[in-house]
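Peer 1: Predicted model and sequence follow; I will ask about them next.
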Amino acid sequence: MADGAGERTYDAVIVGAGFSGLYMLHRLRGLGLTARLYEAGTGVGGTWYWNRYPGARVDIESLEYSYSFSPELDAEWTWSERYATQPELLAYLNHVADRFDLTRDIQFETRVTAAHFDEAANRWTVSTDKGEAVSARYCVMATGVLSVANEIAFEGADSFQGKTYRTGSWPKAGVDFTGQRVAVIGTGSSAIQSIPEIAAQADHVTVFQRTPNFSVPAHNGPIDPAVAQDWAANRAQYRREARETGFGIRMVDQQDQLALDADAEARRATFEARWQVGGFALLGAYGDLITDLSANATAAGFVAEKIRGIVKDPQIAEKLVPKSFPIGSKRLCVDTGYYAAFNRDNVSLVDLRETPIEAITPTGVRTSDATYEVDAIVYAIGFDAMTGALGKIDIRGRGGAALKAQWAAGPETYLGLMVAGFPNLFIVTGPGSPSVLCNMAVAIEQHVEWISDCIAWMGARQMGAIEATETAQAAWVAHVNEVAETTVFPLANSWYMGANVPGKPRVFMPYIGGFPAYRDKCNEVAANGYEGFAVSSDAQRG
Ligand SMILES: Cc1cc2nc3c(=O)[nH]c(=O)nc-3n(C[C@H](O)[C@H](O)[C@H](O)COP(=O)(O)OP(=O)(O)OC[C@H]3O[C@@H](n4cnc5c(N)ncnc54)[C@H](O)[C@@H]3O)c2cc1C
């Protein structure tokens, strides 16, 4: 294909209008490039556009889970609570889109179905479900790590005569459960956030649990004015400090001291103090919680004790205590009244390990020992994480090779940013980068800035294609696995491992070496003329 013959041409196509895509568009515009952004939804916001279930809110304090690239934006936006609700996050992202005049380059209600690399032209042809095809030098996948919900695979699900809801595509108008009997299937983060709210409204809620999760209280509320003032006065410094922590979260207040060096009483007091702070602070209490199983067990034991203390019925409490994986090895949930909800008369728990779901019937949920008649079913069954959205696009690189086939045994990338054989294709927070193990706002900004710097570098040298080398990629994949093996993470059947999707290869996808080490590696690679990447000019193409 000649450059753009018969097609609209852009310097870049971006897919997805969440946190990643919005900032990517802003940066590329800043370079004076033309970009087209495609978004399947009717508006911006990504995660915060789709996940409108009751109780949906961020689990990292909003002062930290927000953009830092614009001090003006940062200073003018005020969060009303420590952990913003979905509507507030959506309003924020709409504000960002307006403030930087982004929507004029965004095409909504358009799903990208294919992206094929044209080796002769060093360009991507990107096709959509609206029958369009455009040509772009660069293609940036800002498609999200938790944007494709798992399939509902229960027999008879279509036969259900009541209302069916999915947490990840909740009706915009909201749902009134008053007077209804509701089944909630799943006990991951979305279920944990929504169950207390649904229970406060519904006649009865039956929670169907396969695997209990660890959850810690958010202690949400208005931001303490003193905290807000201090943050405003020291914003730049605090943002920098966040970027120097392993998980990109300053408020975790990560300590190096080892849990196993502390005596039991002191450890308990430390955990208690952190439980009172709320959120991920608990995991920052000691430096060995995610690397040493015995240390991890001290934190897990503390939370188990809390669950037993909150839930009045000892049998229900025992079912809610996770026993099959180390704490933190699945994403720690942050809740408002989750365990206490099981003390309500209108909430009951069905343990699917004991009595699995056999089928959804026209009137309810049938397990191996009972049928639960309900008016509505809420599926909170998680996401095809990290690779799901990319797998839904027919992405073809050199020689027509399909990314999906290349990743059949698990995703392989260089730095989570690029894939060998797929020149000029960037992934924001892809597998092999800290991504979901980090404050995503921090991870996203770093990736978007690295990608736009790379594109600027290519432009300044009039280069046509950049691509990860097989060697650099193989070394990085080996490193990602090696680091994961030194932690407790691979011990859980988590979505980090792809274990929640039948047939998905069991591979630890994100990079657990810590955000600062990862960022330094990315910077070093760039400073060394994009070491580990092959760069060519258009004259050298073909
Ligand atoms: C319920 C929930 C709570 C979360 N809470 C936190 C949290 O507290 N802290 C944290 O750090 N992270 C959290 N996350 C992770 C969250 O996904 C990221 O923080 C962040 O919002 C990701 O932004 P993104 O732009 O990369 O992806 P997304 O926000 O997922 O946006 C991707 C967009 O791409 C679009 N898209 C995908 N494929 C296509 C296609 N083929 N064509 C067109 N459009 C497409 C989607 O419609 C979507 O709008 C949460 C995720 C979920 C689901």
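Peer 2: Yep, that arrived.

Peer 1: Give me the three-state assignment for the residue in the stretch 151-300 of the chain positioned nearest to the ligand.
Peer 2: Proximity of the stretch 151-300 of the chain to the ligand (Cβ to the nearest ligand atom) peaks at residue 190, 5.3 Å away. Every C-beta, even on glycine, is put in place using the N, C-alpha and C of the backbone. Secondary structure for residue 190, judged by DSSP: H, G, I helix; E, B strand; the rest coil, is helix.

Peer 1: Could I have the CA atoms of the helix or strand harbouring residue 457 written out in CSV?
Peer 2: Taking DSSP states H and E as the criterion, residue 457 maps to helix 440-460. Presented in CSV, the C-alpha positions along helix 440-460 are these (Å, rounded to 0.1, in the frame of the first residue of the first chain):
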residue,chain,number,x,y,z
MET,A,440,-2.2,2.6,37.3
ALA,A,441,-2.2,6.4,37.1
VAL,A,442,1.6,6.3,37.7
ALA,A,443,2.1,3.3,35.3
ILE,A,444,0.1,4.9,32.6
GLU,A,445,1.8,8.3,32.7
GLN,A,446,5.2,6.6,32.5
HIS,A,447,4.2,4.5,29.5
VAL,A,448,2.5,7.3,27.6
GLU,A,449,5.5,9.6,28.2
TRP,A,450,8.0,6.8,27.1
ILE,A,451,5.9,6.1,24.0
SER,A,452,5.6,9.7,23.0
ASP,A,453,9.3,10.4,23.6
CYS,A,454,10.1,7.4,21.4
ILE,A,455,7.8,8.6,18.7
ALA,A,456,9.4,12.1,18.9
TRP,A,457,12.9,10.5,18.7
MET,A,458,11.9,8.5,15.7
GLY,A,459,10.5,11.6,14.0
ALA,A,460,13.6,13.7,14.7
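
Peer 1: Could I get the buried residue list for it?
Peer 2: Neighbour-count burial for helix 440-460 flags 440-452, 454-456, 458 (criterion: 16 or more other Cβ atoms under 10 Å).

Peer 1: and what of stretch 270-281?
Peer 2: Neighbour counts using 16+ other Cβ under 10 Å place 270, 271, 274, 275, 277, 278, 279, 280, 281 of stretch 270-281 among the buried residues.

Peer 1: for stretch 522-535, same thing?
Peer 2: By neighbour count, with 16+ other Cβ under 10 Å as the criterion, the buried positions of stretch 522-535 are 522, 525, 530, 532, 533, 535.

Peer 1: before we move on, what about stretch 287-302?
Peer 2: Within stretch 287-302, the residues that count as buried by 16+ other Cβ under 10 Å are 287-290, 292, 295-302.

Peer 1: next one: stretch 358-365
Peer 2: By neighbour count, with 16+ other Cβ under 10 Å as the criterion, the buried positions of stretch 358-365 are 360, 361, 364, 365.

Peer 1: What sits closest to the third one if chain neighbours are left out?
Peer 2: Translated: residue 364. With Cβ to Cβ, 6 or more residues apart in numbering as the criterion, residue 364 has its nearest non-adjacent residue at 4.3 Å, and that residue is residue 373.

Peer 1: May I ask you to confirm that that neighbour is in contact with residue 360?
Peer 2: No. Shown here, residue 373 and residue 360 do not form a contact pair, counting by Cβ atoms under 8 Å, at 11.9 Å.

Peer 1: Tell me the residues of the stretch 401-542 of the chain that contact the ligand?
Peer 2: Remark: the part of the stretch 401-542 of the chain in contact with the ligand comprises 428, 429, 439, 440, 444, using Cβ under 6 Å from any ligand atom.

Peer 1: What degree of burial does the residue nearest to residue 364 show, as a neighbour count?
Peer 2: Residue neighbour count, defined by other Cβ atoms under 10 Å, stands at 13 for residue 373.

Peer 1: Could you tell me the model confidence score at it?
Peer 2: Here, the pLDDT recorded for residue 373 equals 98.

Peer 1: Likewise for residue 489?
Peer 2: At residue 489, the model reports a pLDDT of 89.

Peer 1: list the contacts for it?
Peer 2: Contact analysis of residue 489 by Cβ atoms under 8 Å, 6 or more residues apart in numbering lists 290, 328, 329, 496, 497, 508, 512.

Peer 1: farthest pair in those?
Peer 2: The most widely separated members of the contacts of residue 489 are 290 and 497, with 14.8 Å between them, by Cβ to Cβ.

Peer 1: what's the burial count for the residue lying closest to residue 270 once chain neighbours are set aside?
Peer 2: If you skip the residues right next to it in sequence, residue 270 has residue 285 as its closest partner in space, 5.1 Å away by Cβ to Cβ, 6+ apart. Residues near residue 285, counting by other Cβ under 10 Å, number 25.

Peer 1: For residue 285, list the residues it contacts.
Peer 2: Listed by Cβ under 8 Å, 6+ apart, the contact set of residue 285 reads 255, 259, 270, 271, 274, 299.

Peer 1: Helices - which of those residues land there?
Peer 2: Within these, membership in helices is found for 270, 271, 274, 299, as judged by DSSP state H.

Peer 1: which of those residues come close to the ligand?
Peer 2: Restricting the ones in helices among the contacts of residue 285 to those near the ligand by Cβ under 6 Å from any ligand atom leaves nothing, as none qualifies.

Peer 1: Report the separation between the closest residue to residue 122 other than its chain neighbours and the ligand.
Peer 2: Closest residue to residue 122 apart from its sequence neighbours, by Cβ to Cβ, 6+ apart: residue 464 at 4.0 Å. Here the criterion is Cβ to the nearest ligand atom, to the nearest Å. By it, residue 464 lies 25 Å from the ligand.

Peer 1: Tell me who's in contact with residue 464.
Peer 2: When the contact criterion is Cβ under 8 Å, 6+ apart, the partners of residue 464 are 122, 137, 458, 536, 537, 538, 539, 540, 541.

Peer 1: Strands - which of these land there?
Peer 2: Helix and strand membership here follows DSSP state E; of those, those in strands are 137, 536.

Peer 1: Name only those of the contacts of residue 464 that count as buried.
Peer 2: Applying 16+ other Cβ under 10 Å to the contacts of residue 464, the neighbour count classes 122, 137, 458, 538 as buried.

Peer 1: Let me know the closest of the residues you listed to residue 60.
Peer 2: Minimum distance to residue 60 across these is 33.2 Å, recorded for residue 458 (Cβ to Cβ).
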